[in-house]
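Student: Return atomic coordinates for the entry below.
(chains A and B)
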Amino acid sequence: MLIETRDLTKSYDLGAVQVDALRGVTFGIDEGEYVAIMGPSGSGKSTLMHILGCLDTPTSGRYSLDGSEVSGLKPRELARIRNKKIGFVFQNFNLLPRIDLVSNVALPLVYHGSISRSERFDRSKKLLDSLGLGHRLGHRPNELSGGERQRAAIARALVNEPAILLADEPTGNLDQRTGREIMTILGDLHSGGRTIVIVTHDAGIAEQARRTVHIEDGRVARETVV
Amino acid sequence: MNILESLQAGFRDMASHKGRATITMIGVVLGVASVVAVLALMRGGEEQSLAFWEELGGLRELRITNTRIDRLMMSAAEKASERLTYRDAIAIREECPSVSYVDPEITRWLNVSYGDLTYRMKVLGTTGHYPYADDMPVEEGRFLCDKDVETHANVVAMGPTFKEDLFGEEEAIGKTILIEGVPFRVIGVMERKEFYFEGDGPGNDRNVLEWFNRSHYIPISTMVKRFSITDRLDGLEVAARTVEDVPALTEQVRTVLTRRHGVEDFNIDAKTDRIEQQAEQMVFFNIVFWAIAFVSLFVGGVVIANIMLASITERVREIGVRKAIGGSDRDVFLQFLVEAIVVTVLGGAVGLLLGIGMVGAIDRFLDMPTAVAPSILLVAFLCAVGVGLVFGIFPAIRAARLSPVEALRYE
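Tutor: Predicted structure coming up:
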């Protein structure tokens, strides 16, 4: 299994009250799967995605990614895993506004450490080409449409050849037509063998995935398989 | 991400935030410029006073004076002492190994005549080693020599001011003048000596060395023989072989004179001591100067820290994104620190130029002594980089410690 969690919990200590965002999540994702994590807001699905994406650490429980345990790692090691094994796609794109598209896409390679400038450029350019943005390399994000920005963000998520693509409401800031366009790209990536986890509260989006994990009240409520 | 990448990113980021970078740099620029100006002023003052002492006759000289003693309070030994005499001067010259030359001096105000002109003038009886002779060569003719002193010769070297008073443009060398009716042959005319303090201070248009120009010099032996009842000296200066020998010579002179006088009824002042005293008086001003420079740099540093903190708030989301795609705490820390250093180094460089310009303006328009040395520029520049490091570290740590989840959520 690519992802395996056992009894993941996450509690936030807000002074007087303790908030239990996750109350024991156990599930797994195989390589090549296309999984949607669904749930109403406040269900804990965002917390789960942060932990799966190694942006956050669980309070208790185990989480193994690509065969190695990550729940006890230090921030620095987590940063390396985020860099090498995980590609993020965010609802609001999160491209850096001051640098051009190709630099945005190449940024994970910069943190990777051992890749030359020209190779970084070549790989980023190739990805942008394949996503139909070859003519936008030198543009800044604010010169692009929402769909173009999200496609660039997908390119950035893929540039390090991650084991898993984590998409958090990837169509949330897009109109319907552009949203469908992005979902088509994700579908194509899945067909090409990528493991994709998409977090959404939109049942229509979740339907695109082969399997849906419903999170309610910090637990896995049920799973549906198409 | 390595340092080079961080540097490039730092420059890129600065280029894309020109306004912010400019404001930050202004703080550093003014700080560095004021450090340069302050240090240059301090150094200029020091150099000028050093130049004054050197013009006055070198730093290896000791001035020996009689201690003032109330006659009623004198001990028997003090009464018995002849005080400083020409013989003491000779004894010092013979007995002190560290001595280079001695300059005894007896001063009298005497009537000097040439033709039908008579003036009352200051006449110094001295030797060929008159203290300032090295630094005050004769304009024409020659100064006194040891042979003049040995033979009680009736010869005189004239100060340029009185030479003009008596002779005008006329040739003086070889002429005979009368000092208290005794004929003296003019052997030399001294070179004019001048020193003006810079600036508009009171009396700064005066030649502070004019008194040199208004004296005549005759052999001290002649002075004793013709015009003085005793060989008691009005002044005695002795010179050490080198500046390093000054302490040794001080002790040797003390030993010889105490033996001869039977009591220590004299003072020995080294010029180096006087310079030290002057430096001590300057300490207060230096502290004030340093305080001003320090405050300027500190203000520059606070500006850097403040703007960087503001820029971090503005860029929380960027920090979150960078962390999400694999930037470690260290990468983010370096990025912000490098940005601070890039700004301060550039600001420091501009500040150096501005500082040099300010110093030039001070020199020119305020007419104050200044001196810019490479060491000053280096110190000011290192101060700037230090300020960038110190005040850049705190914001950089703050940026590095942001949690990625919270940073991404930040609106």
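
Student: going forward, measure contacts and count neighbours with C-alpha atoms only.
Tutor: Fine.

Student: Name the residue of the stretch 201-350 of chain B that lies nearest to chain A.
Tutor: Nearest residue of the stretch 201-350 of chain B to chain A: residue B:326, at 3.8 Å (CA to the nearest CA).

Student: tell me the contacts of that residue?
Tutor: A:79-84, A:108, A:111-112 (CA atoms under 8 Å, 6 or more residues apart in numbering or on different chains).

Student: 6 Å instead?
Tutor: A:79-80, A:82-83 (CA atoms under 6 Å, 6 or more residues apart in numbering or on different chains).

Student: May I ask you to confirm that it belongs to a helix?
Tutor: No: looking at residue B:326 with DSSP: H, G, I helix; E, B strand; the rest coil, it is coil, so not inside a helix.

Student: Give me the nearest residue to it, chain neighbours excluded.
Tutor: Of all residues not flanking residue B:326 in the chain, residue A:83 sits nearest, at 3.8 Å (CA to CA, 6 or more residues apart in numbering or on different chains).

Student: Quick check, that neighbour in contact with residue B:325.
Tutor: Yes: the pair residue A:83 / residue B:325 is scored as a contact, 5.2 Å apart, by CA atoms under 6 Å.

Student: So the residue of the stretch 201-350 of chain B closest to chain A versus residue A:184, what's the distance?
Tutor: 27 Å (CA to CA, to the nearest Å).

Student: Likewise for residue B:273?
Tutor: Residue B:273 is 90 Å from residue A:184, where distance means CA to CA.

Student: where exactly do the strands run in the chain?
Tutor: Because you didn't say which chain, this covers chain A. Taking DSSP state E as the criterion, chain A contains strands spanning A:3-14, A:17-29, A:34-38, A:60-65, A:68-69, A:86-89, A:164-168, A:195-200, A:211-216, A:219-225.

Student: wrong one, I was asking about chain B
Tutor: Using DSSP E, strands in chain B cover B:61-66, B:99-114, B:117-126, B:138-141, B:155-158, B:176-179, B:182-190, B:215-219, B:235-240, B:266-270.

Student: what's next to the longest one, contact-wise?
Tutor: Which is strand B:99-114. With CA under 6 Å, 6+ apart, strand B:99-114 has contacts from B:118-126, B:129-131, B:177-180, B:233-241.

Student: Buried subset of those residues as a ChimeraX selection?
Tutor: Only the buried entries of these go into this ChimeraX selection, using 16 or more other CA atoms under 10 Å in any protein chain shown:
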select /B:118,121,122,123,124,125,126,129,130,131,177,179,233,234,235,236,237,238,239,240,241
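
Student: near chain B, which residues of chain A?
Tutor: Contacts of chain A with chain B, taken as CA under 6 Å from any CA of the partner chain, map to A:76, A:79-80, A:82-83, A:108, A:111, A:113.

Student: Tell me the one among those nearest to chain B.
Tutor: residue A:83 (3.8 Å).

Student: didn't residue A:206 look like it was pressed against residue A:36?
Tutor: Yes: with contact defined as CA under 6 Å, residue A:206 reaches residue A:36; the gap is 5.4 Å.

Student: Between those two, point out the one with more neighbours.
Tutor: residue A:36 (28 against 20; other CA atoms under 10 Å in any protein chain shown).

Student: Against chain B, how distant is that one?
Tutor: Separation of residue A:36 from chain B (CA to the nearest CA, to the nearest Å) stands at 21 Å.

Student: what pLDDT does the residue minimising distance to the centre of chain A get?
Tutor: Central residue of chain A (CA atoms, centre = their mean): residue A:166, 1.8 Å from the mean position. In this prediction, residue A:166 carries a pLDDT score of 95.

Student: Likewise for residue B:294?
Tutor: Note on residue B:294: pLDDT of 79.

Student: what's the nearest residue to it if we skip its chain neighbours?
Tutor: The nearest residue in space to residue B:294 (CA to CA, 6+ apart) is residue B:35, at 7.7 Å.

Student: Give me the neighbour count for that neighbour.
Tutor: Neighbourhood size, residue B:35 [other CA under 10 Å]: 30.

Student: mind listing what residue A:39 touches?
Tutor: A:201, A:214-215.

Student: try residue A:44
Tutor: A:21-22, A:218.

Student: rerun at 7 Å
Tutor: Listed by CA atoms under 7 Å, 6 or more residues apart in numbering or on different chains, the contact set of residue A:44 reads A:21-22, A:217-218.
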